[in-house]
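Visitor: Any chance you can model this:
(one chain, ligands or ions: 1)
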Amino acid sequence: MRTQIINQAEKVIASTYNRFPLVFEKGCKSTLWDVNGKEYTDFVAGIAVCNLGHANPEIAKALLRQADLLFHVSNLYYTLPQVELAKWLVDHSFADRVFFCNSGAEANEAAIKLARKNSYDKGNRDRFKILTMEKSFHGRTFATLSATGQQKIREGYDPVLSGFDYVPFNDIDALKRKMSESVCAVMLEPIQGEGGVICPAPEYILQVRQLCDQAGALLIFDEVQTGIGRTGKFFAYEHFNVEPDIMTLAKALGNGLPIGAMLAKEATASAFQAGAHASTFGGTPVITAAALAVVQLFEKENIVERCRQVGVYFVEQLMSLKDRHELVEDVRGIGLLLGLKLKISGAPIVTECMNKGFLINCTQENILRFIPPLIITREEIDALISCLDEILMASSKVPSTAL
Ligand SMILES: Cc1ncc(COP(=O)(O)O)c(C=O)c1O
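Guide: Residues are numbered from 1 along each chain as shown. From the prediction side, this is the model:
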C-alpha cells in the first residue's frame, strides 16, 4: 500500500520536496499513524503548524459547523467569523488592523507591499529599500524569496525583486551601516527558525526598534513560525518588550488549515485602501471559524504557559544529552522552538529517529530542530531523549566520514 502510493506520487506530484518514505493516514494529539499502522511521535508538527496537535476535535467541530452554514462569499461582503478572528487578534496584540490571506509567504508579500505603499503615500518614491537578515527565511514567492537572506533559496531565479539588502542577524552595527534614507523597512524573524533556531541578544531587538524610529523606517516582524504560542509567549515580540509596526502570522493560526495574516498599527495600515491589495480566499468563513476555535482553545487550556514550562523541561533534557555526548555542540531556542547543534550531519540522525518511531527535523545541515505540538508531554520528551541517547552513542563509535 505504502509503496504503491509513493510510486504513484513520484509520477504525478511536482518534485519540489525531498520526501521521507512515509505515508500518513491519521493523527491524534502528538501521535501520527502511517498507512501500515506504524505509530510515530511527532516533534515536527507539520513544521511548527499543528500547535494544538493532530485532529483536534474542537477545531474540527468549529470547521464542520461553519461548513454546514457557508463556505465562501468573497471579501466584497462581511462575514462574522472573519470579524471575530480579527477582533481577537487586535485585542491580543499591538495591532489595530488585520489583512487575511492564505500562507506565510502571502502574509509577508502583504507586509512588503504595505511598507512600500507607506513611503509612496508620503511622497517618498526613493524610499523603497527593505533590509532583511542573513539566514532569514520569508517564503518562496518572488518578493519573499528576494527578502530571504539565503543565496540557495534565490538560486536560479535571477533577476529577483530589487530593493532588498541583507545584514548579519544580531549585529546592530552592521544594521546601522546599511541604514539610509532609502530604507523604508527592516524585516526580521525575532527568533530565526529555518536559519538554525537563533535567538538574538535581548537588547538587539530593542536597538533595532530604536534605529528604525530614528531613521523613520518601519519595523516588520515575521512571526510566521514564532507566533501562536510557539516560543512560550503568544507572540515572540513579547519576550523583548518591543512592538513592531507590522507583523505576519500563518502556520499555527489555523493549526493545519491554510491561513495567513498581516497585522499593523493604524498609522501604517491606513496605506492599504480599497483596491491596494486583495486575496480571494483571505479570511474565508470556514477557515476563520476554525482559527477562532484555535485561539480560543489557547486561552481556555492555558497553552502558552504550558508550552513555556514544558519547553524549560525539554531544554534541561537536551542539556543533559549535551553533557553526555561529545557530538553535541550546542542547545538553543526557547519555548518549544528548540535546536540541538551537532558536530556531525543531522540527516542520518533524523532517519534513525524515524526508524525508531520519532519524527524530528534538521535545518542548516547539522541543527536538529524540535518543534512539536505544544501539548507534547514530558513522557513523550523522555522517550525521544532516550532514543537520541542511543543513536548518539552509536554514532560516536562510527568514523565521522561514514556519517
Ligand atoms: C519565518 C517564516 N516566514 C515565512 C514562511 C513561509 O510560509 P509559507 O510556507 O506558509 O508560505 C516560513 C515557512 O517556513 C517561515 O518559517
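
Visitor: what mean pLDDT would you report for stretch 330-337?
Guide: With pLDDT averaged residue by residue, stretch 330-337 scores 98.

Visitor: and the closest residue to Glu181 other than its chain neighbours, how many neighbours?
Guide: Once flanking residues are discounted, Glu181 sits nearest to Arg127: 6.6 Å by CB to CB, 6 or more residues apart in numbering. All C-beta atoms are positioned from the backbone trio N, CA, C, and that covers glycine. By the measure other CB atoms under 10 Å, the count of residues near Arg127 is 20.

Visitor: State the phi and psi torsions of Arg127.
Guide: For Arg127, the backbone dihedrals are phi -100, psi 90 (criterion: degrees, to the nearest 10).

Visitor: Likewise for Asp34?
Guide: Backbone dihedrals for Asp34, given as degrees, to the nearest 10, come out at phi -90, psi 180.

Visitor: list the contacts for it?
Guide: 2, 22-25, 40 (CB atoms under 8 Å, 6 or more residues apart in numbering).

Visitor: And Ala201, by the same measure?
Guide: For Ala201, the contact set (CB under 8 Å, 6+ apart) comprises Asn170.

Visitor: Mind doing that once more with 10 Å?
Guide: Taking CB atoms under 10 Å, 6 or more residues apart in numbering, we find Ala201 in contact with 170-172, 207.

Visitor: Do you know the pLDDT at the residue nearest to Glu181?
Guide: The score at Arg127 is 97. That number is its pLDDT.

Visitor: isn't it right up against Cys184?
Guide: Yes. Look at Arg127 against Cys184 with CB atoms under 10 Å: they come within range, at 4.7 Å.

Visitor: quick one: the helices in the stretch 1-150 of the chain?
Guide: Assignment of helices within the stretch 1-150 of the chain using DSSP state H, counting those that start in this stretch yields the ranges 2-12, 45-48, 57-69, 80-91, 104-121, 142-147.

Visitor: One more: the stretch 201-350 of the chain?
Guide: Under the criterion DSSP H, counting those that start in this stretch, the stretch 201-350 of the chain contains helices at 202-215, 266-269, 285-300, 303-324, 347-355.

Visitor: Output the ones you listed in CSV, with mean pLDDT and distance to Asp165 appended to each entry.
Guide: Rendered in CSV, the data for the helices of the stretch 201-350 of the chain read as follows (pLDDT from 0 to 100; distance: least, CB to CB, whole Å):
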stretch, mean pLDDT, distance to Asp165
helix 202-215, 97, 14
helix 266-269, 98, 21
helix 285-300, 98, 34
helix 303-324, 98, 34
helix 347-355, 98, 32
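
Visitor: For the ligand, which of these is the nearest?
Guide: Minimum separation from the ligand across these (CB to the nearest ligand atom) falls at helix 285-300, 13.4 Å.

Visitor: which bits of the stretch 201-350 of the chain sit near the ligand?
Guide: 222, 224-225, 250 (CB under 6 Å from any ligand atom).

Visitor: Of those residues - the most surrounded one?
Guide: Result: Asp222 is most packed of those (other CB under 10 Å), 32 neighbours.

Visitor: ok, and the closest non-adjacent residue to it?
Guide: For Asp222, the nearest residue in space outside its immediate sequence neighbours is Glu189; the separation is 4.8 Å by CB to CB, 6+ apart.

Visitor: I'd assumed Ala236 was in contact with the one you found.
Guide: Yes. The pair Glu189 / Ala236 is scored as a contact, 8.1 Å apart, by CB under 10 Å.

Visitor: tell me the most buried of the helices of the stretch 201-350 of the chain?
Guide: When the helices of the stretch 201-350 of the chain are scored by mean count of other CB atoms under 10 Å, the highest mean neighbour count falls to helix 285-300 (a mean of 22).

Visitor: Kindly spell out which helices and strands sit in contact with that one.
Guide: Where contact means 3 or more CB pairs under 10 Å, 6 or more residues apart in numbering; DSSP states H and E, helix 285-300 is packed against helix 57-69, helix 80-91, strand 97-101, helix 303-324.

Visitor: between the helices of the stretch 1-150 of the chain, which gets nearest to Leu131?
Guide: helix 142-147 (9.7 Å; CB to CB).

Visitor: List the contacts of Lys251.
Guide: The contact partners of Lys251, by CB under 10 Å, 6+ apart, come to 45-51, 103-104, 107, 193, 223-228, 230, 259-260, 371.

Visitor: on that earlier part again, so which of the contacts of Ala201 comes closest to the ligand?
Guide: The ligand lies nearest to Asn170 out of those, by CB to the nearest ligand atom, at 15.9 Å.

Visitor: That closest one contacts Tyr204, doesn't it?
Guide: Yes. Judged on CB under 10 Å, Asn170 makes contact with Tyr204 at a distance of 5.2 Å.

Visitor: Can you pull the residues of the stretch 1-150 of the chain lying near the ligand?
Guide: Those residues of the stretch 1-150 of the chain that sit near the ligand, judged by CB under 6 Å from any ligand atom, are 47, 103-105, 108, 137-139.

Visitor: can you pick the most crowded of those residues?
Guide: Neighbours here are counted as other CB under 10 Å. On that basis the top member of those is His138, with 32 neighbours.

Visitor: residue contacts, it?
Guide: The contact partners of His138, by CB under 10 Å, 6+ apart, come to 104-105, 107-109, 111-112, 132, 144-150, 153, 164, 187-189, 194, 220, 222, 224, 248.

Visitor: mind redoing it with 6 Å?
Guide: When contacts are counted by CB atoms under 6 Å, 6 or more residues apart in numbering, His138 is found next to 108, 144, 147-148, 222.

Visitor: In JSON lines, list these along with pLDDT.
Guide: Conversion of these to JSON lines gives the following (pLDDT from 0 to 100):
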{"residue": "Asn108", "pLDDT": "98"}
{"residue": "Thr144", "pLDDT": "98"}
{"residue": "Ala147", "pLDDT": "98"}
{"residue": "Thr148", "pLDDT": "98"}
{"residue": "Asp222", "pLDDT": "98"}
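
Visitor: buried residues in stretch 162-171?
Guide: Applying a neighbour-count criterion of 16 or more other CB atoms under 10 Å, the buried positions in stretch 162-171 are 163-164, 166-167, 169-170.
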